[in-house]
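1. Pasting a predicted model and its sequence here:
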Amino acid sequence: MGKFEVMNHPLIQHKLTIIRDKNCGTREFREVVNEIATLLAFEVSRDMPLEDVDVETPEGTAHAKQLSGKKVAVVPILRAGMGMVDGILDLIPAAKVGHIGMYRDEKTFEPHEYFVKLPNDINKRQIFVVDPMLATGGSAIMAIDALVKRGVDESNIKFVCLVAAPEGVKNLRKAHPGLDIFAAALDDHLENGYIVPGLGDAGDRLFGTK
Ligand SMILES: O=P(O)(O)OC[C@H]1O[C@H](OP(=O)(O)OP(=O)(O)O)[C@H](O)[C@@H]1O
Ligand SMILES: O=c1cc[nH]c(=O)[nH]1
Ligand SMILES: [Mg+2]
């Protein structure tokens, strides 16, 4: 079974409080979402494998370490996942970026896929699927389905979000038991498809569409 972890780092918690505030405007919301994404990437990448390497310093030979595992791909679920990409690339600049477009039906909350564009070698990479909100879990499940369908092993995927609802965590773990899930917060419940207390509609707040 993959793990589910809430990232309790004080900076993550402080910044999350800033964007929960309904008076936080688009510009600040966008900036802080990226800052949280950087901090989450730092935490989530803790188990990346290292190998020994000797490097010549100006004073001698250092027996040092370098990353040795799979190369990384960041896969945002459009639109709102786009808000987390730059923050992750700040930390892992060589990562490739794939895109999965998904929207929820306003009445049924069923997800609909409208776009998939991934790096050719996606099934050889360590993948971070990012989306600020894990509500019913429908969008995340369908996005992981899209990757698995293309030969990705779910144990090579980490799902990284800002706010998760208990229902979404449960549904996503049931559909993809091998997946690791990371969130900045686990909130109380869902109401009309929205996370309560949550932070509202992440896509609309990021892009100023409401
Ligand atoms: O867990 P779920 O119930 O599927 O809900 C979560 C999804 O809803 C939001 O996207 P939305 O459909 O509003 O699209 P947007 O990002 O384009 O605003 C959010 O960014 C997630 O992708
Ligand atoms: O609370 C929610 C639920 C789904 N999508 C959002 O943007 N916010
Ligand atoms: Mg939205």
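-> Perfect, thanks for sending it. Ligands and ions are numbered 1, 2, ... in the order given.

2. need the residues of this protein near ligand 1, please.
-> Proximity of the chain to ligand 1, by Cβ under 6 Å from any ligand atom, involves residues 77-80, 102-104, 109, 111, 131-140, 168, 193, 201-203. All C-beta atoms are positioned from the backbone trio N, CA, C, and that covers glycine.

3. Please go through the residues you listed and note which also touch ligand 3.
-> 201, 203 (Cβ under 5 Å from the ion).

4. Just the residues of the chain next to ligand 1: which are in helices?
-> Using DSSP state H, the members of the residues of the chain next to ligand 1 that fall in helices are 138, 139, 140, 168, 202, 203.

5. can you pull the contacts of the first one?
-> Read it as residue 138. 104, 109, 110, 111, 171 (Cβ atoms under 8 Å, 6 or more residues apart in numbering).

6. if you set the cut-off to 10 Å instead, what comes out?
-> 102, 104-105, 108-112, 168, 171-172, 175, 193 (Cβ atoms under 10 Å, 6 or more residues apart in numbering).

7. One more: the fourth one?
-> Residue 168 makes contact with 133-141, 159, 161, 181, 183, 186-187, 190, 195 under the criterion Cβ under 10 Å, 6+ apart.

8. same deal with residue 143?
-> 75-78, 81, 100-102, 111, 113, 116, 129-131, 157, 159 are the contacts of residue 143 under Cβ under 10 Å, 6+ apart.

9. Which PyMOL command selects the buried ones in the residues you listed?
-> Buried subset of the contacts of residue 143, written as a PyMOL selection, criterion 16 or more other Cβ atoms under 10 Å:
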select buried, resi 75+76+77+78+81+100+101+102+111+116+129+130+131+157+159
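
10. Sitting in strands, which of the contacts of residue 143 do you find?
-> Members of these lying in strands (criterion: DSSP state E): 75-78, 100-102, 111, 113, 116, 129-130, 157, 159.

11. Okay, buried residues for stretch 195-209 please.
-> Going by 16+ other Cβ under 10 Å, stretch 195-209 has these buried residues: 195, 198, 199, 200, 202, 203, 205, 206, 207.

12. All good on my end, thank you.
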